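**Student:** Coordinates only, no sequence provided:
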């Protein structure tokens, strides 16, 4: 059982890596880090700030795009193109398929992030000519970005399990945007009353809360990050991803593959 | 099909459990970093850039920032802190994004200018905000009012206040009292009545709950100040007539020929100390009162009566 | 033991915007396939062949009914290790090579690691795709993809193989190769269940066939039996271009082709015909009983269904 999940995961990884779209996106992100250097030179004192802000934002945004593009392809496209039939006619359980796909996708993103991060650190080194202790915070920010990816991937799979590729992409991206404003949603819920309050509060907790993962601006100003926050965020990401993934498994278990 | 049922049960249980866990974790995370997303606001060096970056959705973004500003202030105020360093940037960003969001200016007038703990203690910044509002909304008389209000209440610059009220009164459809206020500034700036007019105007011309509640508290405090002033004057007169202090409020009341023992806005009688001071019974109920307080009393503003 | 037993499998879809209307893709189907036989599942497009296959593969869930494959419940995962499936017009992962793809499938089917590359190699040779090292699947032609599809279906030495339109997209040589392959599989003791709408293939290959139309089974039986002539005709071929008068008298249908003549006569008249040729000293080349083609049986079955139907959905 575990071996099959691993095989599916590595096959997903290989298929993703061979897809040249990936390279273009990575190259673009690295280029953006380079551009950050140029922009920073316009205003001397804040070179480092710009590199960190722009670089990490690029990693985050491009990663989301990659996660959604590939994540959608995972199940929706496979159903559309019938590659799924020959897999499921083998002794592979449906849930193993979903879980394997998830790990393959997550793995792809981690590797991607690694390469994009190299670009950011290279740019950082270029402007500062040395690394300081505070630069370790960039690693924390990258870690949080990866946690965001884990959540987005699970959502992409969830939508993929019942929806067409285009709709899945739209839903996943929408949830990303809403999730970035989840804290405001909860603030808004506090002002409303009655049934609306229940509804909005429910939505605010159901939606992935990305606010706690967005530490890019604060680490750019070298604000420290509490260890507790790292733990809590990790757990939140894991539980949320588990929830979305379980949903995908459940839906897929009953789906008629017409 | 047995296998399918097993998988469904496990998946279902996982969903429920994970949902509960993630909600709990969110609570904890919130506690760990109360409103720290807002600190980003400090780092937005150029609100104009933000406006351009918002890709035309500045209206929505303005609403979001406005909501954040209200949340920020409310949260801190009701928990008794006395530092509101993010209020100014929040309001500035809000009004950059949407210069016509009148309520943001009103909020700034009421809460940016006054000193802590009831405000951010930044009257100059409030003035800047009001001036910006007036520039962008020259036909809105309320903003001139807010400008004059800040000059009057927090900077005690009666000439500039008069000036603002005057400018406002020239706007078509301006409320007639602006002219009256301009005139009042000249002669009766320090009067209770003038202050009362202003706070009543503020109360009537806004829908925002916080601003209204604040105005109510000020009006109550004015009443107390006025009452205490008159009563204290009565005590002085009594002393001049009899050469001694009154032994009790009742004696003072009888001597002055008043109908009964005067009461404060909460219906509690004012008390007279042996040293001849007139005081309110519960000073904490009147956070903005300047008279009738025991010596050495430090106000601890607690907002009761938030729901007018 | 029967290789496949279909016990009343049925599938009804809900269609329409509010999913109110019902569309019966498959009426309750009862069917058995013996081990070691080649079974043809025939029908026009949209008859329900693919639906049946998808039900058997567990890709679609039945509205009612069940099936047994090799004696086990068809949803039993153990079964999957013993079967192979070739879907219609298959499509595979664009960026993998044939080797990588088959290796992946071998992994999923539980082929031991040591065996894998050997099996992959031999299977690729078997489907005549030995020289495609390093070429990504997106560069394959339709025929090549079909062969990859067959390869993945037989890779793990399954006991029962299910092919959905295996000949589609193949040129005559390819089709011949697939037919040969299917014969080989039968020789190896495997059971082959395939669907097609090309009757000549079925006639050549199958031991038994079933005919399905509009979701209902219309006929089933051994090819031999179905095509044996009831009102037999005989084809008689002789040398020369002469058509004796006596032949014509027998009501023969004669055609001259090159330097031979072909005539179709009634079975009961064949002795008379042979006598006629001897009298005229014409050289007999061949005397062959004519069988009803499967096509005729097929068309007849469908037409009968059309006339008696009307009430069935």
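**Tutor:** In hand now; what should we look at? This one's a predicted model, so the numbers in the text were calculated from it and none came from an experiment.

**Student:** Number of residues surrounding the residue in the stretch 151-300 of chain B that chain A sits nearest to?
**Tutor:** Nearest residue of the stretch 151-300 of chain B to chain A: residue B:209, at 10.0 Å (C-beta to the nearest C-beta). All C-beta atoms are positioned from the backbone trio N, CA, C, and that covers glycine. Taking other C-beta atoms under 10 Å in any protein chain shown as the neighbour definition, residue B:209 ends up with a count of 14.

**Student:** ok, now how distant is it from residue B:87?
**Tutor:** Between residue B:209 and residue B:87 the computed distance is 17 Å (C-beta to C-beta, to the nearest Å).

**Student:** Equivalent analysis for residue C:264, please.
**Tutor:** Residue C:264 sits 104 Å away from residue B:87, taking C-beta to C-beta as the criterion.

**Student:** now the strands for the stretch 1-150 of chain C?
**Tutor:** Along the stretch 1-150 of chain C, counting by DSSP state E, counting those that start in this stretch, strands occupy C:2-15, C:21-34, C:38-42, C:64-69, C:72-73, C:83-86.

**Student:** Could you export the ones you listed as TSV, including mean neighbour count and distance to chain A?
**Tutor:** Putting the strands of the stretch 1-150 of chain C into TSV (neighbours: other C-beta atoms under 10 Å in any protein chain shown; distance: least, C-beta to the nearest C-beta, whole Å) gives the following:
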stretch	mean neighbour count	distance to chain A
strand C:2-15	18	8
strand C:21-34	17	9
strand C:38-42	26	16
strand C:64-69	18	12
strand C:72-73	13	12
strand C:83-86	26	4
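
**Student:** Export those strands as a markdown table, with columns for mean pLDDT.
**Tutor:** Converted to a markdown table, the strands of the stretch 1-150 of chain C look like this (pLDDT from 0 to 100):
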| stretch | mean pLDDT |
| --- | --- |
| strand C:2-15 | 88 |
| strand C:21-34 | 88 |
| strand C:38-42 | 93 |
| strand C:64-69 | 92 |
| strand C:72-73 | 90 |
| strand C:83-86 | 94 |
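
**Student:** As TSV, the ones you listed with distance to chain B would be great.
**Tutor:** Rendered in TSV, the data for the strands of the stretch 1-150 of chain C read as follows (distance: least, C-beta to the nearest C-beta, whole Å):
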stretch	distance to chain B
strand C:2-15	14
strand C:21-34	18
strand C:38-42	25
strand C:64-69	10
strand C:72-73	9
strand C:83-86	17
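
**Student:** among those strands, which is nearest residue A:165?
**Tutor:** strand C:2-15 (22.0 Å; C-beta to C-beta).

**Student:** Need the contact partners of that closest one.
**Tutor:** The list of residues contacting strand C:2-15 from outside it, by C-beta atoms under 8 Å, 6 or more residues apart in numbering or on different chains, reads A:258, C:20-37, C:39, C:51-52, C:55-56, C:60, C:62-71, C:159-160, C:191, C:193.

**Student:** now do stretch C:217-234
**Tutor:** For stretch C:217-234, contacts defined as C-beta under 8 Å, 6+ apart pick out C:27, C:29-31, C:40, C:202-203, C:206-212, C:264-267, C:269-270, C:273, C:287-294, C:297, C:301-302, C:304-305.

**Student:** mind running it again at 6 Å?
**Tutor:** Contacts of stretch C:217-234 from elsewhere in the structure, counted by C-beta atoms under 6 Å, 6 or more residues apart in numbering or on different chains, are C:29, C:206, C:208-211, C:264-265, C:267, C:270, C:289-292, C:294, C:297, C:301, C:305.

**Student:** Give me the buried positions along it.
**Tutor:** Under the neighbour-count criterion of 16 or more other C-beta atoms under 10 Å in any protein chain shown, stretch C:217-234 has C:217, C:218, C:219, C:220, C:223, C:226, C:227, C:233, C:234 buried.

**Student:** Which members of the contacts of stretch C:217-234 occur in helices, if any?
**Tutor:** Where the contacts of stretch C:217-234 overlap with helices, as defined by DSSP state H, the overlap consists of C:270, C:294, C:297, C:301, C:305.

**Student:** where in chain A is pLDDT low?
**Tutor:** Counting by pLDDT under 70, the ranges of chain A that qualify are A:1, A:20-21, A:39-46, A:74.

**Student:** re earlier: can you say which of the contacts of stretch C:217-234 are buried?
**Tutor:** Burial by neighbour count, judged by 16+ other C-beta under 10 Å, picks out C:29, C:206, C:208-211, C:265, C:270, C:291-292, C:294, C:297, C:301, C:305 from the contacts of stretch C:217-234.

**Student:** If we ignore the residues flanking it in sequence, what's nearest residue B:93?
**Tutor:** residue B:47 (4.7 Å; C-beta to C-beta, 6 or more residues apart in numbering or on different chains).

**Student:** ugh, wrong one, residue A:222
**Tutor:** What sits nearest to residue A:222 in space, not counting adjacent residues and going by C-beta to C-beta, 6+ apart, is residue A:134, at 4.6 Å.

**Student:** that's a helix at the one you found, yeah?
**Tutor:** Yes. Residue A:134: assigned to a helix according to DSSP: H, G, I helix; E, B strand; the rest coil.

**Student:** So which bits of chain A are right by chain C?
**Tutor:** Contacts of chain A with chain C, taken as C-beta under 6 Å from any C-beta of the partner chain, map to A:4, A:7, A:11, A:15, A:18, A:81-83, A:85-86, A:89-92, A:256-257.

**Student:** Kindly indicate which of those residues lies nearest residue B:148.
**Tutor:** Closest approach to residue B:148 among the residues of chain A next to chain C (C-beta to C-beta): residue A:15, at 69.2 Å.

**Student:** Share the number of residues neighbouring the closest residue to the closest one other than its chain neighbours, please.
**Tutor:** In space, and not counting its chain neighbours, residue A:15 is closest to residue C:93: 5.2 Å by C-beta to C-beta, 6+ apart. By the criterion of other C-beta under 10 Å, residue C:93 has 21 neighbours.

**Student:** Pick out the residue of the stretch 1-150 of chain A closest to chain B.
**Tutor:** Closest contact between the stretch 1-150 of chain A and chain B, by C-beta to the nearest C-beta, is at residue A:95 (5.3 Å).

**Student:** So what sits opposite residue C:21 in the bridge?
**Tutor:** With DSSP bridges as the criterion, residue C:21 is bridged to residue C:15.

**Student:** how far away is it from residue B:146?
**Tutor:** Counting by C-beta to C-beta, the separation of residue C:21 from residue B:146 is 64 Å.

**Student:** confidence score at residue B:123?
**Tutor:** What the model reports for residue B:123 is a pLDDT of 91.

**Student:** residue contacts, it?
**Tutor:** The neighbours of residue B:123, taking C-beta under 6 Å, 6+ apart as the test, are B:113, B:154, B:155.

**Student:** Based on its surroundings, how many neighbours for the last one?
**Tutor:** As a burial measure, residue B:155 scores 15 neighbours (other C-beta under 10 Å).

**Student:** Brilliant, that's me finished.
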